[in-house]
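**Student:** fold the following.
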Amino acid sequence: MSRIVSFRGQLADGAQERISLQTKTGETGYRITKFQIMFTDPGVTSSEHVVKIYKIEQTTIDGLIDFNDNRLLGAGYIKERGNDYYGHAIGPIVFDNEIFNQDIYVTHEAITAGGACNYYIELEQMPLALDEATVATLKDIRNND
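**Tutor:** Below is the predicted model of the structure:
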């Protein structure tokens, strides 16, 4: 039987946050079911934000989105043009077929104007059989290269 766990937070420009998920046996798996991002000051400033979710810690935080990166679990982009009340969003897009059993990392890059960005993530939590846990862990280990 699965259940939903949620995480929310606010990331400064260039920040990364670790969401701790790993267990001793690795027999708990997760899948992203919802990923949302939002300005910290809607309608006030002009800004652009890229927020991404990764399977491993990132050494460089940037605004580039590469769907060929097998460590990427999801990405979102929002743009606001201050008092004009014009907002634009792409995504967020998540790869919901990815099951993982290790910590994940959320990054934020403010493309213009700096500032922070809010995020909200829902994960479906599910038990993994020993062979499934082994496969998920091995995939995570390989992604570290």
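**Student:** state the distance from Gly26 to Val51.
**Tutor:** 27 Å (CB to CB, to the nearest Å). For glycine as for every other residue, the C-beta is placed from the backbone atoms N, C-alpha and C.
**Student:** more neighbours, these two?
**Tutor:** Neighbours were counted for Gly26 and for Val51 using other CB atoms under 10 Å; Val51 has more, 26 against 19.
**Student:** find the centremost residue of this structure, please.
**Tutor:** Ile53 (2.3 Å; CA atoms, centre = their mean).
**Student:** show me the strands in the chain, by range?
**Tutor:** Counting by DSSP state E, the chain has strands at residues 3-11, 16-19, 28-39, 46-54, 72-81, 87-94, 104-112, 117-127.
**Student:** return the most buried member of the ones you listed.
**Tutor:** Between those, strand 46-54 has the highest mean count of neighbours, a mean of 22, where neighbours are mean count of other CB atoms under 10 Å.
**Student:** among the strands of the chain, which is nearest Asp62?
**Tutor:** strand 104-112 (5.6 Å; CB to CB).
**Student:** what residues does that closest one touch?
**Tutor:** With contact meaning CB atoms under 8 Å, 6 or more residues apart in numbering, strand 104-112 is reached by 9, 11-19, 21, 30, 46-58, 61-63, 73, 116-117, 119, 121.
**Student:** again with stretch 19-31
**Tutor:** Applying CB under 8 Å, 6+ apart, the external contacts of stretch 19-31 come out as 5, 7, 96-106, 121, 123-130, 132-134, 136-137.
**Student:** okay, the strands of the chain in JSON lines with mean pLDDT next?
**Tutor:** As requested, the strands of the chain are exported to JSON lines (pLDDT from 0 to 100):
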{"stretch": "strand 3-11", "mean pLDDT": "96"}
{"stretch": "strand 16-19", "mean pLDDT": "98"}
{"stretch": "strand 28-39", "mean pLDDT": "92"}
{"stretch": "strand 46-54", "mean pLDDT": "92"}
{"stretch": "strand 72-81", "mean pLDDT": "90"}
{"stretch": "strand 87-94", "mean pLDDT": "75"}
{"stretch": "strand 104-112", "mean pLDDT": "94"}
{"stretch": "strand 117-127", "mean pLDDT": "95"}
